[in-house]
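# sharing a model that was predicted from the sequence below.
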Amino acid sequence: MIIAIDGPAASGKGTIARQIAAVYGLHHLDTGLLYRAVAKAVLDAGYLPSDVARATAAAAALDPKEFDDNTLKLPAITEAASVVAAVPQVREALMNYQRQFAMRPPGAVLDGRDIGTVIAPGADVKLFVIATPEVRAARRAIELRSRGEAADEREVLADLLRRDERDARRSAAPLKAAPDAHLLDTTHLGIDAAFRAAVDIIEAVRTGRKRS
Ligand code: DC
């Protein structure tokens, strides 16, 4: 079974994806880490994330086994990741890895922006997770503070909106729901309720049941 979970930053998709993968015994790939790792490689080498040739070379040379999730979540990387993610050659270079990951038995949960539209258009279940920008910014601020970073909620909101805009407006695989994706709005849901809502959708699709 392949489950595609897309949505904007801090919508809850990553947490849902991890929990769904654990419960269904599937592999899990946070595809945002791939773009973050490309951004980090470019920045570490002293180049701008907008340098298409460097970003493309970094994507081609990427070894996902060597990721360090903590450094990849730093704000400078977050911003640069959204720049390299808009480069079509970068997306192309990362496509095979993601598709092969999705095909690993017994199946996988992939979360990102273009999983249901580009990476795994034939996924068994597609979720598109959303929440209001204000709620997403509040969640992101809590997450940043838990890592010991300062977080002004208005600035976090402005950053989120800027990234949303870049992710949704780019021509290469923009953030958008696949026509057959199931919308899951987590604005008023805690982690447990969001997880249960996701399971409900997945089970409804698997059993061919209509959702209420
Ligand atoms: O999900 P995230 O915040 O870790 O993603 C980092 C950046 O990578 C974000 O700007 C969107 C981009 N991204 C993408 O374009 N396609 C994906 N499948 C996953 C992430």
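On my side now, so go ahead.
# how distant is the lowest-mean-pLDDT helix or strand in the chain from the center of its chain?
Every helix and strand of the chain was ranked by mean pLDDT, DSSP states H and E. The lowest is helix 69-72, at a mean of 82. Relative to its parent chain, helix 69-72 has a centroid offset of 15 Å by CA atoms, centre = their mean, to the nearest Å.
# list the buried ones in it?
Residues of helix 69-72 classed as buried: residue 72 (neighbour count, 16 or more other CB atoms under 10 Å). (Each C-beta comes from the backbone N, C-alpha and C, glycine too.)
# contacts made by it with the rest, please.
Residues from elsewhere that reach helix 69-72 (CB atoms under 8 Å, 6 or more residues apart in numbering): 33, 36, 37, 40, 77, 147.
# format these as CSV; extra columns: distance to residue 115, pLDDT and neighbour count.
Below are the contacts of helix 69-72 laid out as CSV (distance: CB to CB, whole Å; pLDDT from 0 to 100; neighbours: other CB atoms under 10 Å):
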residue, distance to residue 115, pLDDT, neighbour count
33, 13, 96, 19
36, 16, 96, 24
37, 17, 97, 25
40, 22, 96, 23
77, 21, 94, 20
147, 26, 85, 10
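# ok, of those residues, which one's closest to the ligand?
Closest approach to the ligand among these (CB to the nearest ligand atom): residue 36, at 5.5 Å.
# phi first, then psi, for the closest one.
phi -70, psi -40 (degrees, to the nearest 10).
# so what's it up against?
72, 73, 77, 78, 81.
# hang on, the earlier thing: what about the least confident helix or strand of the chain and the ligand, any contact?
No: judged by CB under 6 Å from any ligand atom, helix 69-72 and the ligand are separated, with a smallest distance of 7.9 Å.
# nearest to the ligand, of the contacts of residue 36?
Nearest member of the contacts of residue 36 to the ligand, counting by CB to the nearest ligand atom, is residue 81, at 3.8 Å.
# can stretch 108-127 be found next to the ligand?
Yes: counting by CB under 6 Å from any ligand atom, the ligand has neighbours in stretch 108-127: 112, 113, 114.
# scratch that, stretch 96-103 is what I was asking about
No: applying CB under 6 Å from any ligand atom, one finds stretch 96-103 separated from the ligand by no less than 7.6 Å.
# which residue packs closest to the residue positioned nearest the centre of the chain, ignoring adjacent ones?
The residue lying closest to the centre of the chain (CA atoms, centre = their mean) is residue 112, at 2.6 Å. What sits nearest to residue 112 in space, not counting adjacent residues and going by CB to CB, 6 or more residues apart in numbering, is residue 31, at 3.6 Å.
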